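Q: Give me a 3D structure for the following:
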Amino acid sequence: METFVVRLWLPDRPGALGAVASRIGAVRGDVVGIDILERGAGRVIDELVVELPDAHLVSTLVAEIREVDGVDVEDVRPSTEHVLDARLDALETAEVLVRATSVDEVCESLVAHAARDFEAQWCVLTGFDAAEPSVAIGAPPAGAWLRAFVAGSRYSVGMLPVDDGPGQDETGEQGPSGPQSGEQGPDDVAWAPLPAAERALVLGRKGRPLRTRERGQLAALARIADHRWRQIELASYATQPRERSTARRQPA
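A: Next up, the predicted model:
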């Protein structure tokens, strides 16, 4: 069996997903996973993990799904060896972060796991005003671009993209699309602040916009990392006076 991840736009109405599942079954496919990425304005964005008996059936699968009224296929991609489970992956990343024993470990773990969990082409942790990222994976934009992006995003009231694609319903109302409060930016870039650490986590992904659920997950991981950072720093400050006192009592 071949496994694929299919990203869909569906009408937010009873039976829409069932109709899609029926079409998938018509090409001998099997839905083995589902992730709701975004919902609003009468539309839902779902990712389905689909098993097919043959990779050559992908084009037939897409054609069948598009026969369902109001359904659009945004993306189809082969599944990686590690089939992502957003909730389980988030818990595993949170566990790694809370077990970190140093600030460096928090930073490196956050960037590495965020890049994996969101299948990002690049991911960085950068100071709000830093010239270059402190930790980076992949090939991120130049430091000046990152600095300007974070600065603009922190003070922006909203940068929601408007287009003529599936994001608009038949009334012209903007449906689920792009970043939301506190996470403004272009569709292929997401960021989340770490206020105590005075840093920002930024990542980019080509081909598939980062949706509301993904941005919320990124923000939650950043909050966990920021909290752990603060805990480690406070513990370090608490031990310093005792260490100095012990040193003064040591015989010369």
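Q: List the contacts of the one residue sitting closest to the centre of the chain.
A: Taking Cα atoms, centre = their mean, the centroid of the chain lies closest to E214, which sits 3.8 Å from it. E214 makes contact with 37, 86, 118, 190, according to Cβ atoms under 8 Å, 6 or more residues apart in numbering. For glycine as for every other residue, the C-beta is placed from the backbone atoms N, C-alpha and C.
Q: Just among the residues you listed, which is most surrounded?
A: Neighbours here are counted as other Cβ atoms under 10 Å. On that basis the top member of these is A190, with 29 neighbours.
Q: tell me which element it falls in.
A: Taking DSSP states H and E as the definition, A190 sits inside strand 189-194.
Q: Which neighbouring elements make contact with that strand?
A: Contact analysis of strand 189-194 by 3 or more Cβ pairs under 8 Å, 6 or more residues apart in numbering; DSSP states H and E lists helix 143-155, strand 199-204, helix 212-249 as its packing neighbours.
Q: Could you identify which of the ones you listed is most buried?
A: Mean neighbour counts were taken over the helices and strands packed on strand 189-194 using mean count of other Cβ atoms under 10 Å, and the top value, a mean of 26, falls to strand 199-204.
Q: for that one, packing partners?
A: The contact analysis (3+ Cβ pairs under 8 Å, 6+ apart) places strand 199-204 against helix 103-117, strand 122-127, helix 143-155, strand 189-194, helix 212-249.
Q: For A55, which of those is the nearest?
A: helix 103-117 (24.2 Å; Cβ to Cβ).
Q: For that closest one, which outside residues touch it?
A: The contact list for helix 103-117 (Cβ under 8 Å, 6+ apart) reads 84, 86, 89-90, 92-93, 96-97, 100, 120, 122-125, 134-138, 197, 201, 203, 217-218, 221-222, 225, 228-229, 232-233.
Q: Just the buried positions in it, please.
A: Taking 16 or more other Cβ atoms under 10 Å as the neighbour-count basis, helix 103-117 is seen to contain the buried residues 103, 106-111, 113-117.
Q: average pLDDT across that helix?
A: Averaged across helix 103-117, the pLDDT comes to 96.
Q: Could you check the angle that helix makes with helix 212-249?
A: Between the axes of helix 103-117 and helix 212-249, defined by axes from the mean of the first three to the mean of the last three Cα atoms, to 10 degrees, the angle is 170 degrees.
Q: tell me the angle of helix 103-117 relative to strand 122-127?
A: Angle between the axes of helix 103-117 and strand 122-127 is 150 degrees (criterion: the same axes, to 10 degrees).
Q: Let's see helix 103-117 as CSV, backbone CA atoms only.
A: Below are the C-alpha coordinates for helix 103-117, written out as CSV (Å, rounded to 0.1, in the frame of the first residue of the first chain):
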residue,chain,number,x,y,z
VAL,A,103,18.7,27.0,27.9
ASP,A,104,20.8,25.7,25.0
GLU,A,105,18.9,22.4,25.1
VAL,A,106,15.5,24.2,25.1
CYS,A,107,16.5,26.3,22.1
GLU,A,108,17.9,23.4,20.1
SER,A,109,15.1,21.0,20.9
LEU,A,110,12.4,23.6,20.1
VAL,A,111,13.9,24.4,16.6
ALA,A,112,14.6,20.7,15.8
HIS,A,113,11.1,19.5,16.8
ALA,A,114,9.2,22.4,15.3
ALA,A,115,11.0,21.8,11.9
ARG,A,116,10.0,18.1,12.1
ASP,A,117,6.4,18.6,13.4
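Q: That one: how far from the chain's middle?
A: Mean C-alpha position of helix 103-117 versus that of the full chain (Cα atoms, centre = their mean, to the nearest Å) differs by 13 Å.
Q: Thank you, goodbye.
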